[in-house]
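Q: pasting the sequence and the predicted model now:
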Amino acid sequence: MNSEHYTQIAGIKAYRKTRDYYKDKAFLEPPFLESLVAVGCNPTDKNHYKALWILELVAEEQITLLFPYLDSFCSQLSHFHLDPAVRPAAKICLFLVSKKGIQLSPFQEEKIMEGCLDFIIREAKVATVAYALRALFRLGKKHPWVHDELRLILSRELDNPSPGMKFVVKETLMHLKNADNGSS
């Protein structure tokens, strides 16, 4: 990896203007995108979450740029543990399963399901759980066992759930009920 790229990634701040600058750089410079993926898909790197912040923005606008790296990304999902890393990873998963015309391999779908279930079971923060639940709900349309697993997970008692978590759980249960009735 280019050491200049690594220094830039390590210096990324959470400011939206900064993240947008590096997103645009990734669009214009494929080697920088490659460096982002290398750092982002390495959960042992202390800066991997910073790379994931940028990759989330790339995925939102031009997800096809990530296609060559999907196996690497998907295989690392269950290894992400830091809160600043799991939220963008879960959102990338949601983009991957939501955007029309994307054909994921069985391996990629399996790893996304595994990673998103891990995020939920570990009781990540609300935004992460919301993205993971939505991604899993969409995958459950193709893999019915996922909906069964979601019902089981969501039926357990949460210790002092926040209002946001209550909303996400209620929303998902409503979607599952509608799917059962054929209206989703």
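A: Ah, there it is.
Q: skipping adjacent residues, who's closest to the most centrally placed residue in the chain in space?
A: For the chain, Ala90 is the residue whose C-alpha lies nearest the centre (CA atoms, centre = their mean; 1.9 Å). Nearest non-adjacent residue to Ala90, counting by CB to CB, 6 or more residues apart in numbering: Tyr131, 3.8 Å away. Heads up, the C-betas are built off the backbone N, CA and C, glycines and all.
Q: remind me which helix or strand the one you found belongs to.
A: Using DSSP states H and E, Tyr131 maps to helix 126-140.
Q: other SSEs contacting whichever helix or strand comes after that helix?
A: Moving toward the C-terminus from helix 126-140, the next helix or strand (DSSP H and E) is helix 144-155. Under the contact criterion of 3 or more CB pairs under 8 Å, 6 or more residues apart in numbering; DSSP states H and E, helix 144-155 touches helix 106-121, helix 126-140, helix 163-180.
Q: and for the residue nearest to Ala90, the neighbour number?
A: For Tyr131, the neighbour count with other CB atoms under 10 Å is 25.
Q: and His5, by the same measure?
A: Residues lying near His5 (other CB under 10 Å) number 20.
Q: counting contacts, what elements does the worst-scoring helix or strand of the chain on mean pLDDT pack onto?
A: When the helices and strands of the chain are compared on mean pLDDT, DSSP states H and E, helix 163-180 comes out lowest with a mean of 81. For helix 163-180, the packing partners by 3+ CB pairs under 8 Å, 6+ apart come out as helix 126-140, helix 144-155.
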